[in-house]
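Trainee: Sequence first, predicted coordinates after that:
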Amino acid sequence: MGSINLPLILTLAVLITGVIWLFDILFLAKPRKARVAAVEQQFPGIESADEHRKAAYQTAVDAVGKEPVAVEYAKSFFPVLFIVFFLRSFLVEPFQIPSGSMIPTLQVGDFILVNKFAYGLRVPVLNKTFIPVGKPKRGDVMVFFPPHQPKTYFIKRVIGVPGDRVRYANNVLYLNGVEVKQEYVQKASPELGSFCMNHRQQLTVVNEMLDGVPHKMQKCDEPSGLSADDRTWVVEDGHYFMMGDNRDNSADSRVWGTVSEDAIVGKAFAVWMHWEELLSIPSFSNVGVVK
């Protein structure tokens, strides 16, 4: 989302318009109605009056019964803002994919929907869970705020849950000492400017099995960079180990560590549109951007 905190802006807009409307109901509406009633008493039998008297009556009513401009705007915008706020905060939020770290699962230009209640209902802005619903599972594609960029949305796959021992060596993933099986799918050409292309390598696409559920993952033909390192991590309580499906072109938990439960946004569950030309959408759009 860049530097604009849309959830905070939306929350403040709902609060401000709601408070203005409530203030009008509690303190301004009754005196306004009383003034209108007083005008009506000055124009008895207005229903049968001539057009000139009706016009004078209407002018007087408009003068004493007109709502303040702030109240008019608040009453107009609050319902719409509240609906958008409720949907984005507790049900579903749209995001856009601008990078290739989740290829082949998610392509650059994909617009996705994220389930905001899959892992519990959270207080907007503060992101604290107030109604627990579920926990992330291995294999879930999750949107979150990474520890090194706590205001930027990221999207990766959940690889390790609390207590897991994660090892990655020579393009092979091990969980708790057991190799995660990979089934060959096909060869593929690397993306322009990717690590594999820069090192003149082709890509191999495989089905990787996490808890018996396959997902596609791609890797350079020869282990290099992050894939060549033989490293092991133990996932702490309340944290998750995240990796991109484009293994050699993804900065993830191998680089910046595990993700805290407090940084979870939601579970990605659907691609609803693909349009690469929209990659330059403004940062204040109602569609967030995930890396």
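Mentor: Good, I have the coordinates. Nothing here was measured: the structure is a model prediction, and the numbers come from that model. Numbering: from 1, shown residues only.

Trainee: Do I have it right that A270 meets D110?
Mentor: No - at 10.0 Å, A270 does not count as touching D110 under the criterion of CB atoms under 8 Å. Backbone N, C-alpha and C define where each C-beta goes, glycine included.

Trainee: quick one: which of those two has more around it?
Mentor: When A270 and D110 are compared for neighbours, D110 comes out ahead with 21 against 11, by other CB atoms under 10 Å.

Trainee: what's across from that one in the sheet?
Mentor: Assessed by DSSP bridges, D110 has beta-bridge partners H274.

Trainee: Check the gap between it and M273 for me.
Mentor: The gap separating D110 from M273 is 8 Å, by CB to CB, to the nearest Å.

Trainee: what's the answer for M209, then?
Mentor: Applying CB to CB to M209 and M273 gives a distance of 30 Å.

Trainee: What of Y240?
Mentor: Taking CB to CB, one finds Y240 at 28 Å from M273.

Trainee: P7 now?
Mentor: 22 Å.

Trainee: Have a look at these two and say which one is more surrounded.
Mentor: Between P7 and M273, counting by other CB under 10 Å, P7 is the more crowded of the two (18 against 13).

Trainee: Pull out the buried positions in the helix or strand containing that one.
Mentor: According to DSSP states H and E, P7 maps onto helix 6-23. For helix 6-23, burial by neighbour count (16 or more other CB atoms under 10 Å) applies to L6, P7, L10, T11, A13, V14, T17, G18, I20, W21.

Trainee: G288 versus I155, what's the distance?
Mentor: 10 Å.

Trainee: what sits in contact with each of these two?
Mentor: Shared contacts of I155 and G288, defined by CB atoms under 8 Å, 6 or more residues apart in numbering, comprise F95.

Trainee: Tell me which of the two has more neighbours.
Mentor: Remark: of I155 and G288, I155 carries more neighbours, 24 against 21, as counted by other CB under 10 Å.

Trainee: Spatially nearest residue to that one (excluding sequence neighbours)?
Mentor: Beyond its immediate neighbours in the sequence, the residue positioned closest to I155 (CB to CB, 6 or more residues apart in numbering) is V290, lying 4.1 Å away.
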